[in-house]
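*Asks:* Sequence plus predicted model, see below.
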2 protein chains.
Amino acid sequence: MPRETWVLGAASNRFGKMKETGREAASRVALEAIQTAGIEPKDIGYTFVANAFGLAERQAHVGPLINTALGIPEVPSCTIESACSSSSAALHEAYVHVAGGFHDAALVVGVEKLSHLDTLTATSYFAIGADYPFESHNGATFPGLYATIANAHMRRYGTQTEQLGAVAVKNHANAALNPHAHFQKPITMETYLGSPVIASPLRLYDCCPFSDGAAALVVVAAEKFPNPRTEPLVIRASTRAGSIADMHDRPELTGLPASQRASHLAFQQAKVERSQIDFMEVHDCFTIAELVALEDMGFFPRGEAGTATAEGLTARDGKLPVNPSGGLKAKGHPVSATGASQVVEIFEQFNQLAGKRQVPKTGLALAHNVGATGSSASVHIFGRR
Amino acid sequence: MPRETWVLGAASNRFGKMKETGREAASRVALEAIQTAGIEPKDIGYTFVANAFGLAERQAHVGPLINTALGIPEVPSCTIESACSSSSAALHEAYVHVAGGFHDAALVVGVEKLSHLDTLTATSYFAIGADYPFESHNGATFPGLYATIANAHMRRYGTQTEQLGAVAVKNHANAALNPHAHFQKPITMETYLGSPVIASPLRLYDCCPFSDGAAALVVVAAEKFPNPRTEPLVIRASTRAGSIADMHDRPELTGLPASQRASHLAFQQAKVERSQIDFMEVHDCFTIAELVALEDMGFFPRGEAGTATAEGLTARDGKLPVNPSGGLKAKGHPVSATGASQVVEIFEQFNQLAGKRQVPKTGLALAHNVGATGSSASVHIFGRR
């Protein structure tokens, strides 16, 4: 039996353009997460860094740099990459190490800095997460690939542009209340509809931005920290799954098999029902991705997440708040920091630290993340002790 | 208590220049390792890929591609990076997942392809494993950094050029008998001494080559595979450690604290003495690294590994064979494939498949690997069931 495992501390910087280097930002948020947890750096037994595009800063092997900055250079570390789900994969490794009894505390740090690159170079970096010879090489970068999913979804289920827009408007509204967010201005449906088409049917406001950012989590064995000073997140489930990488080989385009499988396994592991989830953070690199995620995980029947969103069910004050942080869409998407930052949001919500974006119920929350167009997916379910 | 965990299958291609892509080579050796283990791809519960320089092929997120090629796209995967110790770190993750009871079988695949880059670009890729702003940015790439270690070692202990040469001559002699090796010709001390200086005191034949290559391991829970068709490697210890990355901040240059710590922990975990180790594979990216490794792990007193090597103690027929595969030095060093390939050698030795390079005793073996100039180190100890 795995040991009960908690997220005891969490921290994030403000996403956007970082002046400092990735290693500096990562070390800073790592220390902040450790301080929030109320433990010492020397308590950390292993450091998992998520940092997919280290080459952008000519710096791989970031773990020893972070550990050195924390005063614990002897602690082992490695970097974990799973495209946009890198720090969710890193959290899974931390969970396995701690729940399996190999260490009592582990550090997860996700960091990315790409803003010093031009947009074309940044897009080409992102594209190496897809199936290069079949997709990226032929010009199918992520806006085009997710546009393909959006087109298929619209054709099969009649999903409307305004329903995609409703995701954007909601997530910008949430981000406007989030001091960690890249974008802190709400947008209107008119602004959304007036924005230029990037890859039809996706418009500018359907797309998440390139962001720099860093987020960190402290994962501990419950039995070793009997008097937590925070409200820890009990990791009720930590699951991952894969699927065929290149989209042309998949039997369908309107859902991501990896999300379906990872969520199925997560609900099994947590022994909870979907109806018990109070709020969640899901992967919305493009607006369509949020709708697909909600359907893949069984929160809405196929083709109905768009209507539900337009009706406000997933708003902060709706029945099932989705992406109260603003999501990748508006909080920003510093690739390898994203998965950890989803958990930072859940930690702040559980600890009543979310200010004006506080959701009403925080008993059970879910974090869903996707690598590339769903060749990897991760689901974590968090409860209270 | 962790479950008894084995390496049940192992495979490597021939290191050197690969015509096929990294994903193709990785998928091929993965299938071969699975077939050697006598299991099915569907038995695999998690795939850990080591691939530090995916950007060289414009392809990150390689796990789903390998799993898809194996017919198991639903299996979760991630990429692990720890500079030159990447696939040793991946093996450690596989060990933790299996020993901890999270999966009954895991796949480790290390792969690297850099031969299509020019040497300068390849050197600059390697250099991102060091501390960039302090080292690589100022021109201190790995030949220079290890030359600094060699100079310090020579000055303090009187280590001789001919002792470094003895490492090169020995490892080339071993590689000449290894069908997986990049270099398959023995060299003489005259050839060594006549080779050009690359970074004083290191000559051409002190340096490992840039190699392409792929190596794979199948890691299983012993209790689930009661009738192995191979002689499995029982993982008696799997340990890692870190240290200060930038060399100018270290208290000494003649040893690597991470190797010292990882080996100390490994001997504790395995509950064996150094004298019980029958042979080992160690990280010898440059000849000096092999001497330092042997001293760091306590096999020879400080400053005496050079004399021991010159006297033949670490030869294939010596008292303690070191790098019977030819080591990074002569088998080649496809960065992320190296750690796994060390274990391939130990697997072949344990299964009496090493042909003319078969070492006499194969009861207990050690694999030691280093990331960068020792900011990470890994030690594995393998025994018989």
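*Replies:* Looks like it arrived, so ask away.

*Asks:* so what's A:Ala354 up against?
*Replies:* A:324, A:345, A:348 (CB atoms under 8 Å, 6 or more residues apart in numbering or on different chains). C-betas here are computed from N, CA, C, even on glycine.

*Asks:* Pick the one among these closest to A:Asn151.
*Replies:* A:Pro324 (28.9 Å; CB to CB).

*Asks:* That closest one: what secondary structure?
*Replies:* coil (DSSP: H, G, I helix; E, B strand; the rest coil).

*Asks:* One more: A:Ala367?
*Replies:* For A:Ala367, the assignment made with three-state DSSP gives strand.

*Asks:* mind checking how far it is from chain B?
*Replies:* To chain B, A:Ala367 is 16 Å away according to CB to the nearest CB, to the nearest Å.

*Asks:* That residue pairs with what?
*Replies:* Beta bridges link A:Ala367 to A:Glu281, A:His380, judged by DSSP bridges.

*Asks:* Would you point out which residue of the stretch 101-250 of chain A is nearest chain B?
*Replies:* A:Arg240 (3.6 Å; CB to the nearest CB).

*Asks:* Closest to B:Val370 out of the contacts of A:Ala354?
*Replies:* Using CB to CB, those come closest to B:Val370 at A:Glu345, 38.2 Å.

*Asks:* Let me see the confidence value for the closest one.
*Replies:* Listed pLDDT for A:Glu345 reads 98.

*Asks:* Distance check, it against chain B.
*Replies:* When A:Glu345 is compared with chain B (using CB to the nearest CB), they lie 22 Å apart.

*Asks:* State the helix or strand in which that residue lies.
*Replies:* helix A:338-350 (DSSP states H and E).

*Asks:* Please apply the same query to A:Ala11.
*Replies:* Element membership of A:Ala11 [criterion: DSSP H and E] is strand A:5-12.

*Asks:* tell me the angle of that strand relative to helix A:338-350?
*Replies:* Relative orientation of strand A:5-12 and helix A:338-350, computed by axes from the mean of the first three to the mean of the last three CA atoms, to 10 degrees: 100 degrees.

*Asks:* just checking, next helix/strand downstream of strand A:5-12?
*Replies:* Counting by DSSP H and E, what follows strand A:5-12 is helix A:22-37.

*Asks:* Out of the contacts of A:Ala354, which is nearest to B:Lys331?
*Replies:* B:Lys331 lies nearest to A:Glu345 out of those, by CB to CB, at 47.7 Å.

*Asks:* A:Tyr95 in helix, strand or coil?
*Replies:* A:Tyr95 - assigned by three-state DSSP - is helix.

*Asks:* ok, it - how many residues close by?
*Replies:* Neighbour count for A:Tyr95, taken as other CB atoms under 10 Å in any protein chain shown: 23.

*Asks:* List the contacts of it.
*Replies:* Neighbouring residues of A:Tyr95 by CB under 8 Å, 6+ apart: A:5, A:219, A:235, A:238.

*Asks:* Surely A:Glu74 forms part of a strand?
*Replies:* No. Assessed with three-state DSSP, A:Glu74 is coil; it does not lie in a strand.

*Asks:* from what I can see it touches B:Thr239, true?
*Replies:* No. Between A:Glu74 and B:Thr239 there is no contact under CB atoms under 8 Å: 11.8 Å.

*Asks:* ok, and A:His153, which helix or strand is that part of?
*Replies:* A:His153 belongs to helix A:142-157 when assigned by DSSP H and E.

*Asks:* For the following helix or strand past that helix, list the C-alpha coordinates in CSV.
*Replies:* Beyond helix A:142-157 in the direction of the C-terminus, DSSP H and E gives the next helix or strand as helix A:161-175. Presented in CSV, the C-alpha positions along helix A:161-175 are these (Å, rounded to 0.1, in the frame of the first residue of the first chain):
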residue,chain,number,x,y,z
THR,A,161,-17.5,29.6,-32.2
GLU,A,162,-19.3,31.4,-29.4
GLN,A,163,-18.9,28.3,-27.2
LEU,A,164,-15.2,28.4,-27.8
GLY,A,165,-15.4,32.1,-27.0
ALA,A,166,-17.2,31.4,-23.8
VAL,A,167,-14.2,29.4,-22.6
ALA,A,168,-11.9,32.4,-23.5
VAL,A,169,-14.1,35.0,-21.8
LYS,A,170,-14.5,32.8,-18.6
ASN,A,171,-10.8,32.1,-18.3
HIS,A,172,-9.7,35.7,-18.9
ALA,A,173,-12.2,36.7,-16.2
ASN,A,174,-10.6,34.3,-13.8
ALA,A,175,-7.1,35.3,-14.7
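
*Asks:* gap between the nearest residue to A:Ala365 once chain neighbours are set aside and chain B?
*Replies:* Leaving aside its chain neighbours, A:Ala365 sits nearest to A:Ile346 (4.6 Å; criterion: CB to CB, 6 or more residues apart in numbering or on different chains). From A:Ile346 across to chain B, the span is 21 Å (CB to the nearest CB).

*Asks:* List the contacts of A:Ile346.
*Replies:* Residues counted as contacts of A:Ile346 (CB under 8 Å, 6+ apart) are A:233, A:281, A:365, A:367, A:382.

*Asks:* List only buried entries from these.
*Replies:* A:233, A:281, A:365, A:367, A:382 (16 or more other CB atoms under 10 Å in any protein chain shown).

*Asks:* Spatially, which two of those residues are the most separated?
*Replies:* For the buried ones among the contacts of A:Ile346, and using CB to CB, no pair is farther apart than A:Leu233 and A:Glu281, which are 12.0 Å apart.

*Asks:* in the sheet, who's paired with A:Val108?
*Replies:* The partner residues for A:Val108, given DSSP bridges, come to A:Phe48, A:Leu217.

*Asks:* Give me the number of neighbouring residues for it.
*Replies:* With other CB under 10 Å as criterion, A:Val108 counts 31.

*Asks:* can you check the one 3 residues further on too?
*Replies:* Summarising burial for A:Val111: neighbours were counted as other CB under 10 Å, giving 38.

*Asks:* Confirm that it sits in a helix.
*Replies:* No. A:Val111: not assigned to a helix; according to three-state DSSP it is strand.

*Asks:* can I assume it is in contact with A:Val335?
*Replies:* No. Between A:Val111 and A:Val335 there is no contact under CB under 8 Å: 9.5 Å.

*Asks:* quick one on the thing from earlier: tell me, what's touching A:Leu233 and A:Glu281 both at once?
*Replies:* A:343, A:346, A:365.
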